[in-house]
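# here's my sequence, what's the structure:
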Amino acid sequence: MNPVKRLFAHYTAYHAHGPLLLRYLSLLGFVGFPAFYLLRFTKSAIPYDDLAFRLVDAVICIVLFLKDRWPERLKPYYFAYSYAVLIVTLPLTFVFTSLKHGGGTIAVGNTLLAAFLIVFLADWRNTIVILLAGFGGAIGLYVLTDPNPELPVDYVARLPILLLVVVGGSLFKFALERATAEKVRHAYASLAGSIAHEMRNPLGQIKHSLESMRQSLPAPTTKAQAQQLSPEEVNSLYRHLAQGDIAVERGLQVISMTLDEVNAKPLNPVGFDYLSAADVCGKAVLEYGYESQEQRSRVGVEVVNDFLFRGEETAYLFVLFNLIKNALYYLPAYPQARLVITVEKGMVKVRDTGPGIASELQRRLFEPFRTSKSGGTGLGLAYCRRVMRAFGGDIACESVLGEYTQFTMTFPPVTAQEREVHRQAVIAKAKAVFVRRRLLVVDDDAALRKATRLKLAPVDAVIDEAADGRQALAMLSNFRYDLVVLDLDMPGMDGYAVADQIRSGQAPGNRDVCIVAYTSEPGPLARVKTLKAGMDGLVNKPCEQEALLHALCQALENPAGRARLEHSQLAGQRVLLADDNTYNRKAVAAYLRRAGVEVAEADNGQAVIDQLMAGGAAWDAVLLDINMPGMSGLDTAQAIRASALPWSEVPIVALTAHSGADVMAAARAAGMDGFITKPVDAASLYEKLRQLKSRAPAEAAEPPPSAPRTDVRLLDLERLERYRDIGMLEELVGDYVPEIARIVERLESSAARQDLEACLELLHSLVGLSGEAGAAALHRLAKGVYVQMSQDRRLPAQARWVEPIGALAVESARALNEYRGVGSGTA
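As a prediction, this is how the structure comes out:
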């Protein structure tokens, strides 16, 4: 790279991540140059009228500010233009006018201001070049335009101060940039370290669970005889599976919490519910991913007075997990230390008898990136405070070094009236769900059956009781039920056996009945086992009326076994799945095939287009990973929607690991119909496909006969409007449309000859030409194919890969001609 290009590269790199600085200063120049001209009239004499000079500066500044309205072909020259604007408007203008005015204190001040601005608008190399170019140009212009050029002595004598401004300003800017970069680097390093540290724990637990499951399996054999596992071995496998399941869930929650905190994402109060402090604290202690049983034995919960608070359970679990994790971090060095969570009236205290925290650290403990432990980021405690304040409460720390640390969370009180209003709202919702429905309560304990019946009494449902599993099956064989509340631990036939008999068809009319387990078995283990048994929900005993009704409504409306219920609805569907990650693709394909779906797989966007072009039976849906190399999921969706072929309206679902609003908006703009966040859950996948299948196709509104039937998805209308404004539209369409057709024709011939270089050259031309012509969909499709071929250095494997480009070129030509207003002619 020659020195000039290298110098300009430093300038563009300097402004690459902050172009708004140039734009806002150009707006200031547009207003300031004419405005400050008026100040000259406060002087008794005007040595030189510089109005024309100032107007020129104002015009070139506003042109710089209006960059977004520049023609596309001029935008690559934006930084070169801004470079020239800086030279002209700052050193050249200020020095030239200072010389014409005869120098003076104000002239020196203006020159120093110009130099100071240049220091902050360019790197040190370009600062020197811009100042020298501007000063030299100003002196030359002064000598050429002034009949009696004379350098003012007082002005020239004070210019050495300029050197101090440039050097001092550059050193100050350098120190500021280094400090900022170091702070950002530390923040990123801390964030990366936090994610790595937090993810290492759940990944370690998964590894441990897999190892434990391997140990519990029987010895392998090549013999045909069946291998039987003892009940103890089966329970051991389920226990390890539950631990692995929790580890995965916690890992995903860590990612969500970290991203929420970094982005300062607010909690939505609409999703808040009334929660029992004792229940949530007990759940946190039960489900936290401990490294060992010994670690678990040092954590306890004491309930002095339970209370209700209004909040979000998942967010509060995050808070408790953070506090538990921070306390357990130090416990290995303090063998006698314990962690106790105490629930009192209106507050929860998390107290450990570990090393304590120094008083100087406590004052700033809840600030982002503040931490008391080595390797921490401080994101966790900042998140805790944000959650608690969103709940209307707060969190505080009290600690004595060498004795204890206690975090106290306070909650706003829930009045008896609020609680009653909440209870009535839960009952009203449950009544709307269960009125005139039939429920079966199965429990061998008569007292518990009666208590459950009383809790369900307000919903006006028909409630039957069964004292054991066999009686329950007999009743299920004779009556149709909407929901079964099933105790798991019963003598004789337990709840798991009853569920198995129901799902296997022993009570044909109730094979798909909603089943909710009602058990005192630990939550995580029971969840895994009940899901395997085909149950749709889980309620832990003992349970308050509101919690029971809420859980039953949730199970009936969103059963955990929805995947099982939707198998029959999806069987026979055809789905086209694209993901460049082989493992992700195979996992999703396995879910689909399990439901009887016919699946075709692709690893890039061009392969999707080829599959659609191949014809055959219609596709029911296309699942697209958003981030694929070459032709991305967004590009693929846009190309599909822009096609006039029958498959242009196929439902498209985005598969993405990014659930941000910007990603969702981009997917919608590309024509996608839904989103599924990775890792893909089978039930969510089936539900999304079921929704797409049941959705009635919307009737397209016919445009009025007088209006051209322009398909906006094919064209960049904003670009075409700009061409119309400057009178180039007719000429552009008349020239570009036939040329695009010729390029496509030559591309077909080159593809038939297997001439890679010719195809690449033609695609390169087509990308540029279609972009200039405003044929947006054709531009995206051609660019995706071109990038993929450039990377692979080979032609696409599909025999007819040019056909989608040709078809889209014809459609684009039609749309361009219609937009021009010449009917529906094609190229």
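# so where does residue 323 fall, helix or strand?
helix 313-330 (DSSP states H and E).
# which other helices and strands does the helix or strand following that helix contact?
Downstream of helix 313-330, the next assigned helix or strand under DSSP H and E is strand 339-344. Contact partners of strand 339-344 among helices and strands, from 3 or more CB pairs under 8 Å, 6 or more residues apart in numbering; DSSP states H and E: helix 277-287, strand 299-303, helix 313-330, strand 347-352. Using the backbone N, CA and C atoms, a C-beta is placed for each residue, glycine as well.
# on that earlier part again, what does the helix holding residue 323 contact?
250, 253, 257, 267, 273, 275, 280-281, 283-285, 287-288, 290-291, 295, 299, 337, 339, 341, 350, 352, 354-355, 373, 376, 380-381, 383-384, 387-388, 390-391, 395, 405, 407, 409 (CB atoms under 8 Å, 6 or more residues apart in numbering).
# low pLDDT regions in the stretch 701-827 of the chain?
701-713, 718, 722-723, 725-728, 791, 822-827 (pLDDT under 70).
# 90 instead, please
701-739, 751-752, 754-827 (pLDDT under 90).
# can you flag the buried ones in the contacts of helix 313-330?
Buried residues within the contacts of helix 313-330, defined by neighbour count using 16 or more other CB atoms under 10 Å: 250, 253, 257, 267, 275, 280-281, 283-285, 287-288, 290, 299, 337, 339, 341, 350, 352, 354-355, 376, 380-381, 383-384, 387-388, 390-391, 395, 405, 407, 409.
# just the helices in the stretch 351-500 of the chain please.
Secondary structure of the stretch 351-500 of the chain (DSSP state H, counting those that start in this stretch): helices at 359-362, 379-390, 416-434, 446-456, 469-478, 495-503.
# closest to residue 119 out of these?
helix 379-390 (35.8 Å; CB to CB).
# pLDDT-wise, which helix or strand of the chain ranks last?
helix 562-570 (a mean of 57; mean pLDDT, DSSP states H and E).
# pull the CA atoms of the following helix or strand past that one into PDB?
Note on helix 562-570: by DSSP H and E, the next helix or strand toward the C-terminus is strand 574-578. Extracted in PDB, the C-alpha atoms of strand 574-578 (Å, rounded to 0.1, in the frame of the first residue of the first chain):
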ATOM      1  CA  ARG A 574     -43.300 -31.600   4.000                       C
ATOM      2  CA  VAL A 575     -40.700 -29.300   5.600                       C
ATOM      3  CA  LEU A 576     -37.500 -27.800   4.000                       C
ATOM      4  CA  LEU A 577     -34.900 -27.300   6.700                       C
ATOM      5  CA  ALA A 578     -31.700 -25.200   6.200                       C
END
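# give me the helices and strands touching the helix or strand just after strand 574-578, please.
Following strand 574-578 in sequence order, the next helix or strand is helix 582-594 (DSSP H and E). Counting contacts by 3+ CB pairs under 8 Å, 6+ apart, helix 582-594 is packed against strand 574-578, strand 598-602, helix 682-694.
# what residues does the first one touch?
Outside of strand 574-578, the residues that reach it under the criterion CB under 8 Å, 6+ apart are 585, 588-589, 592, 597-605, 607-608, 611-612, 617-625, 628, 633, 636, 689.
# which of these are buried, as a PyMOL select command?
To isolate the buried ones among the contacts of strand 574-578 in PyMOL, judged by 16+ other CB under 10 Å, type:
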select buried, resi 585+588+589+592+597+599+600+601+602+603+604+605+607+608+611+612+619+620+621+622+623+624+625+628+633+636+689
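# so for residue 762, which of the helices of the stretch 351-500 of the chain sits nearest?
When the helices of the stretch 351-500 of the chain are compared (using CB to CB), the closest one is helix 379-390, at 51.5 Å.
# this completes my enquiry, with thanks.
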